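K.L.:
Below: sequence and its predicted model.
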There are 2 protein chains.
Amino acid sequence: MSQVRAYAAQSPESGVAPFSIERRDPRPDDVVIAIEYCGICHTDIHFVHNDWGMTFYPVVPGHEIVGRVVSVGDKVQGFAPGDRVGVGCLVDSCRQCASCNDGLEQYCEKGWVATYNGEDRHDGSRTYGGYSERIVVSDRFVLRMPEALDPAAAAPLLCAGITTYSPLKQFGVGEGHRVGVVGMGGLGHMGVKFARALGAHVTLFTRSASKVDEARKHGAHEVVVSTDESAMEGVAGRFDFILDTVPVAHDLNPYVNALKRDGTLILVGMLAPTDPPLQTGPLVFARRRLSGSLIGGLPETQEMLDFCAENGISCDVEMLDIKDVNTAYERMQRGDVRYRFVIDMGTLHG
Amino acid sequence: MSQVRAYAAQSPESGVAPFSIERRDPRPDDVVIAIEYCGICHTDIHFVHNDWGMTFYPVVPGHEIVGRVVSVGDKVQGFAPGDRVGVGCLVDSCRQCASCNDGLEQYCEKGWVATYNGEDRHDGSRTYGGYSERIVVSDRFVLRMPEALDPAAAAPLLCAGITTYSPLKQFGVGEGHRVGVVGMGGLGHMGVKFARALGAHVTLFTRSASKVDEARKHGAHEVVVSTDESAMEGVAGRFDFILDTVPVAHDLNPYVNALKRDGTLILVGMLAPTDPPLQTGPLVFARRRLSGSLIGGLPETQEMLDFCAENGISCDVEMLDIKDVNTAYERMQRGDVRYRFVIDMGTLHG
């Protein structure tokens, strides 16, 4: 065991503040990583505030982690000290079920172990995330960061990136497809970039007419203001796929109607009951599909990082000192970030 | 034009009664069919009663039609007098859109012409269905009935059959799949038969424990009583596909939860808003899909009829004189039919 510096929340009201945590000594398959950058995901805020009633305090958030390997366990072969690596939302799974065998650890039938607020499968200890000096992770759950990627801008790829890349790949998005992306936050702006890079014709749906120029910069061919009912009716029956990144309950019916026959609406943000109710007729009358997708498995996350390196894709980020993380949370809650905050973890020692 | 005998409803309260209608003289692509049998679909009752507010009276219901060719237009090549043929839910479409070009006329972007209560694309006349002596239909919308099929038992294949066959085929159901079928009415009992014939392991979901023996007779390997919450929890995460034939609003969430990762719930009956609300989390956390499917296109309907002939599949039917059709409606509204009424149209002349 070793003590490392971190930032943790102690209660729903405390905010995050300096804290000392223990990191385990490396097991034979472990990689010890000195953290350089950590992105801030909305999930971090939900866990700090215990919005979902499942937080164990103290909680050290952060699951968009980039760093350098410090040391490796005896049986680790793919990583060596000095390598730049990443860790995303999960650090373990059962490794035996059909999903794990398919490299889809995010759908592990026994439940995967979250990078923070999770429970280690071996010793039952609580997992602590990336707002800390270092992390110790089993090699299967460590990603190789291509040197071509800016490591700070690459951090959010490990959650916002893979969450949007995975469904676009899994559902077969490519040339000739018309793809809609709903929302242009951390996830949405990555969805636009990926859909464009995969060869699709991309339309951003946004409530803010002010985002038109930025959407085009990210690669959108068109922008539809989703609060404009006539504009929404104008795109009825038009899309092969719509990737919906909005994280709160909203009316799905206009997006279902915007799909072609056999089109698919893919939810990656909304986890709430449908409100207003979903109309099922438009599914039946055009064989449309409603689906969802959760982050991505380890092989596909590696593929996504390599795809980003090859195609010059990264996240648009604002850098941050760790002492300012509570202020960043406030700005995020106002939607005031373009498009992801990334903490320079060197400032932990400042 | 020629006058033919029929049964029609004159108002929402009238029931169906003898009536005389006009049938057009055959156009060059038309097939004139003497109707032998006509199945009764729940849709017939809805149109007779104007439940959907879109009935034009008089309405002659019936879209599960089997008969013999009487004569053909000059340009018809595939049919000759004496051939046994069928007509299902649609008698025309635009024939030019992407769906029509794909042989998916049921998803015609301009709207297909229904066998009854529709409007002819050429002369604007109202279409009249199968509760009549004969019907005149463009050859593209006429099916060849394999001689191996009992023509009376084959009539409901043209709606109840294709409605369940099409999604099972389109979504790729086959050996190694676990398939659930919800409801065992006219559609559901066909869904069980088709899923079994396609090689799947089949489970019927029903509210009636009394249907267990019959379900096994139709080919179900297992039966789950859907009102038994613990039984429903016991099958969570188990199915590749669930075909839901229930025609009224019901809770979809237990069926979504019964799907495996990447499993699909396919609605073929429910056209109402979800009530209770659909939970979207179970879609996201296991990449499950909710979809729908509408009858089938002409090529696939022909394929289904041939599949039935090859595999000895037909609908379980109760035969009926046309004078008893109003009584049949009453029985259907009580769920008292196993599993489809078919009118012996010879009784029109009795």
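P.N.:
Received it, and whenever you're ready, just let me know what you need.

K.L.:
rest of the way, CA atoms for contacts and neighbours
P.N.:
Will do.

K.L.:
mind checking how far the residue in the stretch 1-150 of chain A that chain B sits nearest to is from B:Leu283?
P.N.:
Nearest residue of the stretch 1-150 of chain A to chain B (CA to the nearest CA) works out as A:Tyr107 at 6.0 Å. Here the distance between A:Tyr107 and B:Leu283 works out to 11 Å (CA to CA, to the nearest Å).

K.L.:
rewinding a little: residues contacting the residue of the stretch 1-150 of chain A closest to chain B?
P.N.:
For A:Tyr107, the contact set (CA atoms under 8 Å, 6 or more residues apart in numbering or on different chains) comprises A:99-100, A:294, B:261, B:285-286.

K.L.:
Packing partners of the longest helix along chain A?
P.N.:
Ranked by number of residues, the top helix in chain A under DSSP state H is helix A:298-311. When contacts are defined as 3 or more CA pairs under 8 Å, 6 or more residues apart in numbering or on different chains; DSSP states H and E, helix A:298-311 packs onto strand A:143-144, helix A:160-170.

K.L.:
so of those, which one's packed in deepest?
P.N.:
Of all the helices and strands packed on helix A:298-311, helix A:160-170 carries the top mean neighbour count, a mean of 24, counting by mean count of other CA atoms under 10 Å in any protein chain shown.

K.L.:
And it, what does it pack against?
P.N.:
Here helix A:160-170 touches helix A:186-197, helix A:298-311, going by 3+ CA pairs under 8 Å, 6+ apart.

K.L.:
Go through the contacts of A:Tyr107 and flag which are in strands.
P.N.:
Cross-referencing the contacts of A:Tyr107 against strands under DSSP state E gives B:Arg261.

K.L.:
could you pull out the helices for the stretch 201-350 of chain A?
P.N.:
Using DSSP state H, counting those that start in this stretch, the helices found in the stretch 201-350 of chain A span residues A:212-218, A:229-234, A:253-257, A:281-284, A:298-311, A:325-333.

K.L.:
and the ones you listed as TSV, adding mean pLDDT and mean neighbour count?
P.N.:
Formatted as TSV, the helices of the stretch 201-350 of chain A follow (pLDDT from 0 to 100; neighbours: other CA atoms under 10 Å in any protein chain shown):
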stretch	mean pLDDT	mean neighbour count
helix A:212-218	95	16
helix A:229-234	95	12
helix A:253-257	98	22
helix A:281-284	97	24
helix A:298-311	98	19
helix A:325-333	96	16
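
K.L.:
Which among those is found nearest to A:Arg27?
P.N.:
Judged by CA to CA, the one of the helices of the stretch 201-350 of chain A that comes nearest to A:Arg27 is helix A:298-311, at 19.9 Å.

K.L.:
Just want the angle from that closest one to helix A:186-197.
P.N.:
If you take axes from the mean of the first three to the mean of the last three CA atoms, to 10 degrees, helix A:298-311 sits at 60 degrees to helix A:186-197.

K.L.:
Just the CA atoms of helix A:298-311, as CSV, please.
P.N.:
Output of helix A:298-311 as CSV, limited to C-alpha atoms (Å, rounded to 0.1, in the frame of the first residue of the first chain):
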residue,chain,number,x,y,z
LEU,A,298,-11.6,-2.3,-24.1
PRO,A,299,-10.8,-3.5,-27.6
GLU,A,300,-13.1,-1.0,-29.2
THR,A,301,-11.8,1.8,-26.9
GLN,A,302,-8.3,1.0,-28.2
GLU,A,303,-9.6,1.0,-31.7
MET,A,304,-11.2,4.4,-31.1
LEU,A,305,-7.9,5.9,-29.8
ASP,A,306,-6.0,4.6,-32.8
PHE,A,307,-8.8,5.9,-35.1
CYS,A,308,-8.4,9.3,-33.5
ALA,A,309,-4.6,9.3,-34.0
GLU,A,310,-5.0,8.3,-37.6
ASN,A,311,-7.7,10.9,-38.4
